[in-house]
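K.L.:
sequence and predicted structure are below.
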Amino acid sequence: MSDVSTRTVSAKFTTREAADLAVEHLVQRLNVERTDIFVKTSGSDNSSGVSISGGDAPTVEEDARADAALGSEIEVSADIVSSHEDAVRAAFDGLGASEVSSA
């Protein structure tokens, strides 16, 4: 009999860009339902992460945007079948996550 219990795997990312990439990886490569993935700031304030990236980064012609609040990491969590925990943890680790945990 297979184990169909559910686990929640969570990880923190320093940029919103990395968190978005993690979500897309879970959905497209690991077939996790989008409704089972949750994204939030790890602090109490709204945040885009702790590092500038993506559209906020400086370009050749412009300075970095300063209107995106930086201050807390972005936490991505997914409710998954426990047999997929190792694959989700490996995906988070491979995408540069910190503080990967499960419950």
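P.N.:
Looks like it arrived, so ask away.
K.L.:
could I get the full set of strands for this structure?
P.N.:
Along the chain, the segments classed as strands by DSSP state E run 6-13, 37-41, 74-81, 98-102.
K.L.:
any low-confidence regions in the protein?
P.N.:
1-3, 44-70 (pLDDT under 70).
K.L.:
sorry, back to before: got the strands of the chain as CSV, with mean neighbour count and distance to residue 91 columns?
P.N.:
In this view, the C-beta of every residue, glycine as well, is placed from N, C-alpha and C. Compiled in CSV, the strands of the chain are given as follows (neighbours: other CB atoms under 10 Å; distance: least, CB to CB, whole Å):
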stretch, mean neighbour count, distance to residue 91
strand 6-13, 20, 9
strand 37-41, 15, 12
strand 74-81, 20, 9
strand 98-102, 13, 10
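K.L.:
which of those strands sits closest to residue 21?
P.N.:
Closest approach to residue 21 among those (CB to CB): strand 6-13, 8.4 Å.
K.L.:
what's the angle from that closest one to strand 98-102?
P.N.:
170 degrees (axes from the mean of the first three to the mean of the last three CA atoms, to 10 degrees).
K.L.:
contacting residues around the residue nearest the centre of the chain?
P.N.:
Nearest residue to the geometric centre of the chain (CA atoms, centre = their mean): residue 19, 3.2 Å. For residue 19, the contacting residues are 13, 39, 49, 74-76, by CB atoms under 8 Å, 6 or more residues apart in numbering.
K.L.:
repeat that for residue 10.
P.N.:
75-78, 99-103.
K.L.:
list the buried ones in the lengthiest helix in the chain?
P.N.:
What stands out as the longest helix in the chain, according to DSSP state H, is helix 16-28. In terms of neighbour count (16 or more other CB atoms under 10 Å), helix 16-28 has its buried residues at 16-23, 25-26.
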